[in-house]
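*Asks:* Would you be able to build a 3D model of this:
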Amino acid sequence: MAINTGKYVEEINLFLKNLAQELSNPEDTDHAGRVTIAVLHKLRERTSVEESMHLISQLPMILKGIYIDGWDISRPRNDADTLDEFLDDIRQYNPGFAGRDFGNNQQARENVKAVLRVMQNYVSKGEMNHIKEQLPKPIAEALFE
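*Replies:* You can find the predicted model right below:
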């Protein structure tokens, strides 16, 4: 059986195009990609391995790879308890682009919310609720609509 790599490329391109539109910059899919990677990697730091597996099972193939890239499941979970701490952690993921990709806290919050909104096209409402439940209440309330 041949692997249909074109399908996976189409899926990620659609995801990034949709996210770029959500980020109000429809031509900048590079920005959308950096934001996606940072958000997925920070979510996995806050999510149990079991819950991450449930989330991964619903993501498009290339996003599955992005989610697990460099993942060390033996590392302790991130302990950011406030939205500001969580957003600072996201900025530290890619400091060279932090100002451009996540700017001030309002922009960073909106960018994280945009990723979560686009993810809802692929991930069930129940699974998104499970991810929300993994986050401290102040973070969850600020990021999930």
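*Asks:* what separates the lowest-mean-pLDDT helix or strand in the chain from the chain centre, distance-wise?
*Replies:* Sorted by mean pLDDT, DSSP states H and E, the helices and strands of the chain end with helix 98-102, the least confident at a mean of 86. Taking CA atoms, centre = their mean, to the nearest Å, the mean C-alpha location of helix 98-102 is offset from the chain mean by 15 Å.
*Asks:* hey, C-alpha coordinates of the helix or strand following it in PDB?
*Replies:* With elements assigned by DSSP states H and E, the helix or strand that comes after helix 98-102 is helix 105-119. Written as PDB, here are the backbone C-alpha positions of helix 105-119 (Å, rounded to 0.1, in the frame of the first residue of the first chain):
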ATOM      1  CA  ASN A 105      -0.300  39.300  26.400                       C
ATOM      2  CA  GLN A 106      -3.500  40.200  24.600                       C
ATOM      3  CA  GLN A 107      -2.000  39.300  21.200                       C
ATOM      4  CA  ALA A 108      -0.500  36.100  22.700                       C
ATOM      5  CA  ARG A 109      -3.900  35.100  24.200                       C
ATOM      6  CA  GLU A 110      -5.700  35.700  20.900                       C
ATOM      7  CA  ASN A 111      -3.100  33.700  18.900                       C
ATOM      8  CA  VAL A 112      -3.400  30.700  21.300                       C
ATOM      9  CA  LYS A 113      -7.200  31.000  21.100                       C
ATOM     10  CA  ALA A 114      -6.900  31.000  17.300                       C
ATOM     11  CA  VAL A 115      -5.000  27.800  17.300                       C
ATOM     12  CA  LEU A 116      -7.600  26.200  19.500                       C
ATOM     13  CA  ARG A 117     -10.400  27.400  17.300                       C
ATOM     14  CA  VAL A 118      -8.800  25.900  14.200                       C
ATOM     15  CA  MET A 119      -8.100  22.700  16.000                       C
END
